[in-house]
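Undergrad: what's the 3D shape of this:
(one chain, ligands or ions: 1)
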Amino acid sequence: MITALSPMAGVTDRSFRKLCVSMGADLAFTEMISVNGLIRKNRKTIAMLPEMEDKTVVQLFGKEPDIFYKATELVKDKSLWIDVNAACPVQKVTKRGYGASLMRNPSLLKDIVKAVASTGMKVSVKIRIGWEDQKNFLDVAKVVEDGGAFLITIHGRTVEQLYAGKADWMPAKILKEKLKIKVGVSGDIFTPNDVVNAYRETNADYIFIARGAIGNPWIFKQSKDLFEKGKFSYPSFEEKRDIIKRHLEMEMVEHDFRGIMIFRKFFVRYMRNLPGSHELKEKMMKITDQNELNDLLDSYFGKLISCEQGGVEGGNIEG
Ligand SMILES: Cc1cc2nc3c(=O)[nH]c(=O)nc-3n(C[C@H](O)[C@H](O)[C@H](O)COP(=O)(O)O)c2cc1C
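TA: All right, here's what the predicted structure looks like:
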């Protein structure tokens, strides 16, 4: 079972990727990166690329095969392989012919796969089930396989669904049965049990964790433990505090003074379901200094640590 931090725009920056890999993710994907931005050497686009990272895959979006070719040449030494985005449902993206709109044009998608493969890089493609009027995931996947991709990942929702409704893992199972290439499954994989169930129910080769990793990077190790040993444990308050502080430090190094603002979205999720976290979140939103935030965390977790009695609870396989 291979677990991956799924690509998330505005979330899977270098810090979060490195943190997740250090906590057991087998792979970490960048957010989708514009091939046009790369070949224009746009500063913000270049900043999204991996630097001194292991186990990282660059995801690219665009629509012109020759631009994909040039962009791949630029990022070749920074990525294990290239993932092509044919899944993004955001209108701003699809109306320009990028992302999920490529599912409307499988022959263009095939040319993109071929163009990337012609650089010598391995290629994967991320898709959705399709559009409401055309749930053509199987046809698209066959075309992608034909074009030379080695992996196809499917987020089990239609384009129009965005993130609503429950993700369907069955299309991943169908792809696994019908194709020779590897298959990844994505959608509503939030807990270690979800990871193991998605693997067992679909037989997929790669299990993608997206929102479930935000504020919860230990999910990767927990899933492995559950899969291999049939049980997992939750981090202690002390471990939680240390990871939060480490993550904050990484964001500060990566983004300088903006790091603390960028960290807020993670912080809110780290604090979810912790006692008294509401007041803490309110205080945090006003803090602009890393030391001040570290002091706040020390005092908050200090109280929890002294209350923590005995071991921490764990979990087992759920049916
Ligand atoms: C904030 C956010 C940004 C995302 N950005 C991307 C992206 O850049 N590329 C991509 O292929 N998928 C992107 N996704 C989709 C996720 O990778 C994943 O397929 C989807 O969230 C379903 O998984 P989940 O239900 O476990 O979150 C994004 C999702 C979220 C929530």
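Undergrad: that's a strand at Ile127, yeah?
TA: Yes: under DSSP: H, G, I helix; E, B strand; the rest coil, Ile127 falls within a strand.
Undergrad: Contact partners for it?
TA: Residues near Ile127 by CB atoms under 8 Å, 6 or more residues apart in numbering: Ala86, Ala87, Ala100, Met103, Phe137, Val140, Ala141, Val144, Ile152, Thr153, Ile154, His155. All C-beta atoms are positioned from the backbone trio N, CA, C, and that covers glycine.
Undergrad: So which bits of the stretch 51-200 of the chain are right by the ligand?
TA: Gln59, Asn85, Ala87, Cys88, Lys126, His155, Ala167, Ser186, Gly187, Asp188, Ile189 (CB under 6 Å from any ligand atom).
Undergrad: Could you tell me the phi and psi values at the first one?
TA: This points to Gln59. Per-residue torsions, Gln59: phi -100, psi 130 (degrees, to the nearest 10).
Undergrad: burial measure for it, as a count.
TA: Residues within reach of Gln59, counting by other CB atoms under 10 Å, total 25.
Undergrad: Let me know whether it touches Val35 as I believe.
TA: No: taking contacts as CB atoms under 8 Å, Gln59 lies outside contact range of Val35: 10.7 Å.
Undergrad: distance of the closest residue to Ser34 other than its chain neighbours from the ligand?
TA: In space, and not counting its chain neighbours, Ser34 is closest to Thr45: 5.7 Å by CB to CB, 6 or more residues apart in numbering. Plainly put, Thr45 is 13 Å away from the ligand if you go by CB to the nearest ligand atom, to the nearest Å.
Undergrad: and Thr45, what element?
TA: helix 43-46 (DSSP states H and E).
Undergrad: Okay, buried residues for that helix please.
TA: Judged by neighbour count using 16 or more other CB atoms under 10 Å, the buried positions of helix 43-46 are Thr45.
Undergrad: same for that helix, what does it pack against?
TA: helix 35-39 (3 or more CB pairs under 8 Å, 6 or more residues apart in numbering; DSSP states H and E).
Undergrad: OK, contacts around Val57?
TA: Counted by CB under 8 Å, 6+ apart, Val57 has contacts Ala4, Leu27, Ala28, Phe29, Thr30, Ser79, Leu80, Trp81, Ile82, Asp83, Ser124.
Undergrad: Phi and psi next, for the fourth one.
TA: Note on Phe29: its backbone torsions stand at phi -100, psi 140 [degrees, to the nearest 10].
Undergrad: give me the number of residues near it?
TA: A total of 26 residues lie near Phe29 under the criterion other CB under 10 Å.
Undergrad: List the contacts of it.
TA: Ala4, Leu5, Ser6, Pro7, Thr12, Arg17, Thr56, Val57, Val58, Gln59, Asp83.
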